[in-house]
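S.K.: Give me coordinates for this.
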Amino acid sequence: MDTSFDLRVLDVVVETDDARSVVLEVPEEHAAAFDYRPGQFLTIAVPSDQVEEGLVARAYSLSSSPLEPGPITITVKRTEGGYASGWVHSTLRAGDVLRVLPPSGIFTPKDIDADLLLFAGGSGVTPIMSIIRTALAKGSGRIVLLYANRDERSVIFAGELDRLAREHPERLRVIHWLESVQGLPDAAQLRALAADHDTFDAFVCGPAPFMKAVTGVLKDLGFPRERRHQEKFVSLGGNPFADLPVAGGTPTEVAEIPAESAQIPAESARISLEIELDGTVHSFDDWRSGTTLLEHLESKGVAAPYSCREGACSACAFRLDEGEVVMRHNEVLDDDDLADGIRLGCQSEPAPGTTVVKGSYNG
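M.R.: Below you'll find the predicted structure:
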């Protein structure tokens, strides 16, 4: 089942006036738990006296590459009135201990050799940076990045992007778009760039209006769903750390959910479940309505991915291949995701009348 870890902060790097990169040490014994994919994120615990649990949870993307040896890095942009980002910027220091869940998320290329068309706005460059670093280190495809910012001082990783573009002139093209100089990019300008790269895999991350504009252009140009990816985060109201006591640097197990929960009616139908996770197929014949997929897998000792547990992130997303499920809540999947069979494991329970459910994570 899933775990939380206490990781030591090695450094807090000033990227811009309002962006910091937090470098975290992963002990060798926990390296497997942090074997992440480019574009994924970490959920961190931030101390707070504003909530009963004393902790609030926030998700921040990894900007480092899984191919880079040593520490891992998340990058945090300070937002106006943002409690967690403010704490990271004003309080977190080298030597502190940060409590985190293992990497999660599906905003990641399936084929690192693919040609990539990347759109980033502001701090949305964070997962994009992880993808670029990994693709240049291991992949063979071409990479085009449109990076929109308010002004030159707002450009995160400016020096690193310039260096990578100079070192890989045949593979990486970086287009900086500054609102202070060019205004906001409009649909016609976005369309011109995307139309020239309509065979590339597109990834979009940034403010909601920016992502909506880019995604609309990609749809109009006929980019198929499997080549359109966008990262969306909603502020977490729940707390995945609430029931996990701090364990001084060791993993803490999530409380196991009994297989026969008292909340499940004895007469409820048993569902046959087949789910693929990390190349292993898990089969059970006793999933029941009233229990989410995540809860059922945890009760069987299967470490299914999750972060917020409230339908506000994509960490637990899986692909539904057969049968029907009902989601209790969903703030992150759009109509295209649902049409493509994507569902949230933390919110999905068997639909009435369903007898068999088959699906896969990271599919």
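
S.K.: just the helices in the stretch 251-363 of the chain please.
M.R.: Taking DSSP state H, counting those that start in this stretch to define them, one finds helices in the stretch 251-363 of the chain at 293-299, 335-339.

S.K.: tell me what the strand ranked longest in the chain is packed against?
M.R.: For the chain, the strand that runs over the most residues, judged by DSSP state E, is strand 3-16. Secondary-structure packing of strand 3-16 (3 or more C-beta pairs under 8 Å, 6 or more residues apart in numbering; DSSP states H and E): strand 19-25, strand 97-100, strand 252-253. C-beta here means a position set from N, CA and C on the backbone, and glycine is covered the same way.

S.K.: Please identify the buried residues of it?
M.R.: By neighbour count on 16 or more other C-beta atoms under 10 Å, the buried set for strand 3-16 is 3-10, 12, 15-16.

S.K.: Just the angle for it relative to strand 19-25, thanks.
M.R.: 140 degrees (axes from the mean of the first three to the mean of the last three C-alpha atoms, to 10 degrees).

S.K.: Neighbouring strands - and their directions - for strand 3-16?
M.R.: If you go by DSSP bridges, strand 3-16 pairs up with strand 19-25 (antiparallel), strand 97-100 (antiparallel), strand 252-253 (antiparallel).

S.K.: can you put the ones you listed in CSV and add mean neighbour count and distance to L294?
M.R.: Formatted as CSV, these follow (neighbours: other C-beta atoms under 10 Å; distance: least, C-beta to C-beta, whole Å):
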stretch, mean neighbour count, distance to L294
strand 19-25, 20, 26
strand 97-100, 19, 19
strand 252-253, 14, 15
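
S.K.: out of the ones you listed, which comes closest to L145?
M.R.: L145 lies closest to strand 19-25 among the strands paired with strand 3-16, at 17.1 Å (C-beta to C-beta).

S.K.: outside of the very next helix or strand once past that closest one, which residues touch it?
M.R.: Later in the chain than strand 19-25, the nearest helix or strand by DSSP states H and E is strand 41-47. For strand 41-47, contacts defined as C-beta atoms under 8 Å, 6 or more residues apart in numbering pick out 4, 54-62, 72, 74, 83-84, 87-88, 98-105, 127, 233, 236, 240-241, 307-308, 313, 315.

S.K.: In contact with T354, which residues are there?
M.R.: 271, 323-325.

S.K.: So among those residues, which ones count as buried?
M.R.: Buried members of the contacts of T354, scored by 16+ other C-beta under 10 Å, are 271, 323, 325.

S.K.: hang on, the earlier thing: out of the helices of the stretch 251-363 of the chain, nearest to T134?
M.R.: Short answer: helix 335-339, nearest of the helices of the stretch 251-363 of the chain by C-beta to C-beta, at 23.8 Å.

S.K.: Which elements pack onto that closest one?
M.R.: Applying 3+ C-beta pairs under 8 Å, 6+ apart, one finds that helix 335-339 contacts no other helix or strand.

S.K.: Could you tell me how many residues sit around I143?
M.R.: Burial measure for I143: 23 neighbouring residues, criterion other C-beta atoms under 10 Å.

S.K.: Okay, and the beta partners of it?
M.R.: Per DSSP bridges, the residues bridged to I143 are L116, L172.

S.K.: From I132, how far off is it?
M.R.: In this structure, I143 and I132 are 6 Å apart, going by C-beta to C-beta, to the nearest Å.

S.K.: Show me whatever sits in contact with both of these two.
M.R.: Common contact partners of I143 and I132 (C-beta under 8 Å, 6+ apart): 118, 172.

S.K.: contacting residues for D336?
M.R.: Residues in contact with D336, defined by C-beta under 8 Å, 6+ apart, are 225, 228.

S.K.: for the stretch 1-150 of the chain, what are the low-confidence residue spans?
M.R.: Counting by pLDDT under 70, the stretch 1-150 of the chain has low-confidence residues at 1-2, 50-53.

S.K.: what kind of secondary structure is T108 in?
M.R.: coil (DSSP: H, G, I helix; E, B strand; the rest coil).

S.K.: Output the strands paired with strand 3-16 as a markdown table; include the columns distance to D220.
M.R.: Shown next, in a markdown table, are these (distance: least, C-beta to C-beta, whole Å):
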| stretch | distance to D220 |
| --- | --- |
| strand 19-25 | 32 |
| strand 97-100 | 39 |
| strand 252-253 | 47 |
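
S.K.: Among those strands, which comes closest to E152?
M.R.: strand 19-25 (13.7 Å).
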